[in-house]
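[1] Dropping a prediction and its sequence here:
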Amino acid sequence: MNKTTIHIATLFITMLLLQTLIFNHVVLFHVAVPVVFIYFIIRMSTGLSQNVLLTLSFLLGLCVDIFSDTPGVNALCCTILAGVKKSVFYLYVQRDDNNKDIIPSISRLGILDYSKYLLTMTAIYCVLTFSVEYFSLASFKDIVIAAVSSTILSFILMLGLDSLIITPRAKRL
């Protein structure tokens with residue numbers, strides 16, 4: 001196994017365990033649910049094959065579904081999030097040869113660009129998840145409140161998590 005494979009497997013297992021053992025049991029004000037396991041999808045290299053990313057994201061979502069008793073919700077939303085990852089990334093980062101194979105992080109993108117990317121990805125996931133979960137526009141107000149509060153909570157947690165990860169000093173974009 002090469003270094004990249006070990007990194008991916010470690011991050012996959014860590015995010016799965018954090019979500020299922022800790023964050024699934026945290027609900028702030030009966031609305032905000034932290035979803036930090038999507039950090040795995042957000043953190044994956046932009047050079048990773050789309051098929052591999054979609055497969056890993058589906059498996060991660062499926063594992064979280066199994067432990068959370070949410071049949072298919074996370075698997076669906078994680079797969080969609082993986083599908084839009086590159087498009088969202090290139091909204092905030094210039095598309096060129098230097099950016100083809102990078103791991104998105106604060107140290108690589110800078111706090112502003114990374115925060116915009118992280119917030120957008122988190123918001124997409126939360127809106128998708130609560131829309132599928134409620135499955136009715138009759139609860140539109142509830143969907144908005146849950147999505148916004150969960151997005152903010154998850155964003156803050158993942159931003160803190162990213163700032164704790166020590167990476168070799170990378171050239172900023």
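    Nice, thanks for sending it over.
[2] any residues touching the lowest-mean-pLDDT helix or strand in the chain, and which ones?
    The helix or strand of the chain with the poorest confidence is helix 3-17; it has a mean of 82 (mean pLDDT, DSSP states H and E). By Cβ atoms under 8 Å, 6 or more residues apart in numbering, the residues outside helix 3-17 that reach it are Met1, Val36, Phe37, Tyr39, Phe40, Arg43, Met44, Ser45, Leu56, Leu60, Cys63, Val64. Glycine gets a C-beta too; all of them are placed from N, C-alpha and C.
[3] redo that, cut-off 7 Å
    Val36, Phe37, Tyr39, Phe40, Arg43, Leu56, Leu60, Cys63, Val64 (Cβ atoms under 7 Å, 6 or more residues apart in numbering).
[4] in it, what's buried?
    Residues Ile8, Leu11, Phe12, Met15, Leu16 are the ones in helix 3-17 that count as buried (16 or more other Cβ atoms under 10 Å).
[5] follow-up on the earlier one: of all the contacts of helix 3-17, which comes closest to Ser105?
    Lowest distance from Ser105 to the contacts of helix 3-17 (Cβ to Cβ) belongs to Arg43, with 7.2 Å.
[6] The buried residues of helix 3-17 into TSV, with extra columns for distance to Lys116?
    Output for these, formatted as TSV (distance: Cβ to Cβ, whole Å):
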residue	distance to Lys116
Ile8	25
Leu11	22
Phe12	25
Met15	22
Leu16	26
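[7] Looking at the residues you listed, spot the one nearest Phe29.
    Looking across the buried residues of helix 3-17 and measuring by Cβ to Cβ, the closest to Phe29 is Met15, at 24.2 Å.
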